[in-house]
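In: Quick one: sequence plus predicted model below, questions after.
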Amino acid sequence: MPELPRHLWYLITSLGGAGVTLPLAIAIALWLALGYTWRMALGWLVLLGAAIGVVTVTKLAFLGWGVGVRELDFTGLSGHAALSTAVYPVALFVMLLPARPKVRAVGVALGLATGIAVGLSRVVVEAHSPSEAITGCFVGAVTALMFVRWAWDAEPGRLSATPVTVSLLTLMVALHGVRLPTQRWVTHIALKVSGHERPYIRARWKAGLYDQPNAVPLSRKQNAASAPPVSDERDV
């Protein structure tokens, strides 16, 4: 791993939080709708929503039913990695729409590099395993590149670079470090859907404790007096 102070890794990882990336994604959609068409804006949101859906399903599967790949320490895609590799390339692409194609391509590459840095930071701060960060980056990158390919030939003069750049950078700086309780939300949904009182926890799952008889979390009907849900405290 690159030798960086730990606080810098936390600054990088914060770039991928939903509190930053989701408002950026909405701002991108608004600029696309203003400068181009609602169809383009909706296309971007649908693609991003699909990526978020994939991340959420993998997390629900583990938290609710213990579905994962133990050999790879995989319990669900990293949401930080997926969101950052999806949003930042598209943000830079929209900022650079008036520029030459080569400049736009460089911007998209820098956005992907930012997302990969966030994915790496999730491993360094021990929030995710390498397999979770890599798959998150892959899903996010595919999302971004699909949109960029679709919108590549958009008429460049429809948006002015200055207001787009200023607004998106202002959002990113103002919201950096803002956290949304996404893991708590996903855990709550997983318990509601699965009917279990407690979510699956990585350490117990890796140790094979859920493979033992009666180790699987009990349903509410079977364990009404059990302790409140315990989270593994890993952010989406």
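Out: Sure, I can see it.

In: ok, and the helix or strand in this structure with the lowest average confidence?
Out: helix 202-206 (a mean of 91; mean pLDDT, DSSP states H and E).

In: can you list the weak-confidence ranges in the chain?
Out: 1-2, 212-236 (pLDDT under 70).

In: which residues of it fall in helices?
Out: Taking DSSP state H, the helices of the chain run over residues 6-14, 18-35, 38-65, 79-95, 101-124, 130-151, 161-175, 182-194, 202-206.

In: circling back to that earlier point, now the least confident helix or strand of the chain: buried residues?
Out: Arg202, Trp205 (16 or more other CB atoms under 10 Å). C-beta here means a position set from N, CA and C on the backbone, and glycine is covered the same way.

In: So which residue is dead centre in this protein?
Out: Most central in the chain under CA atoms, centre = their mean is Gly79, positioned 2.7 Å from the mean C-alpha point.

In: how much space between that one and Ile26?
Out: Counting by CB to CB, to the nearest Å, the separation of Gly79 from Ile26 is 17 Å.

In: what about dumping the CA coordinates of the least confident helix or strand of the chain to PDB?
Out: C-alpha atoms of helix 202-206 as PDB (Å, rounded to 0.1, in the frame of the first residue of the first chain):
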ATOM      1  CA  ARG A 202     -18.200 -10.800   9.200                       C
ATOM      2  CA  ALA A 203     -16.000 -12.100  12.100                       C
ATOM      3  CA  ARG A 204     -18.400 -14.800  13.100                       C
ATOM      4  CA  TRP A 205     -19.100 -15.700   9.500                       C
ATOM      5  CA  LYS A 206     -15.400 -16.100   8.700                       C
END
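
In: From the contact counts, what lies against it?
Out: Where contact means 3 or more CB pairs under 8 Å, 6 or more residues apart in numbering; DSSP states H and E, helix 202-206 is not packed against any helix or strand.

In: Buried residues, stretch 158-172. List them.
Out: Leu159, Val164, Ser167, Leu168, Leu171, Met172.

In: hmm, who's touching it?
Out: 15, 20, 23-24, 27-28, 31, 34-36, 91, 94-99 (CB atoms under 8 Å, 6 or more residues apart in numbering).

In: Drop anything exposed from the residues you listed.
Out: 15, 20, 23-24, 27-28, 31, 35-36, 91, 94-98.

In: Can you pick out the most distant pair from the residues you listed?
Out: Leu15 and Tyr36 (26.3 Å; CB to CB).

In: re earlier: check the offset of the least confident helix or strand of the chain from the chain's centre.
Out: 22 Å (CA atoms, centre = their mean, to the nearest Å).

In: cool, stretch 8-19 as well?
Out: For stretch 8-19, the distance to the chain centre is 11 Å (CA atoms, centre = their mean).
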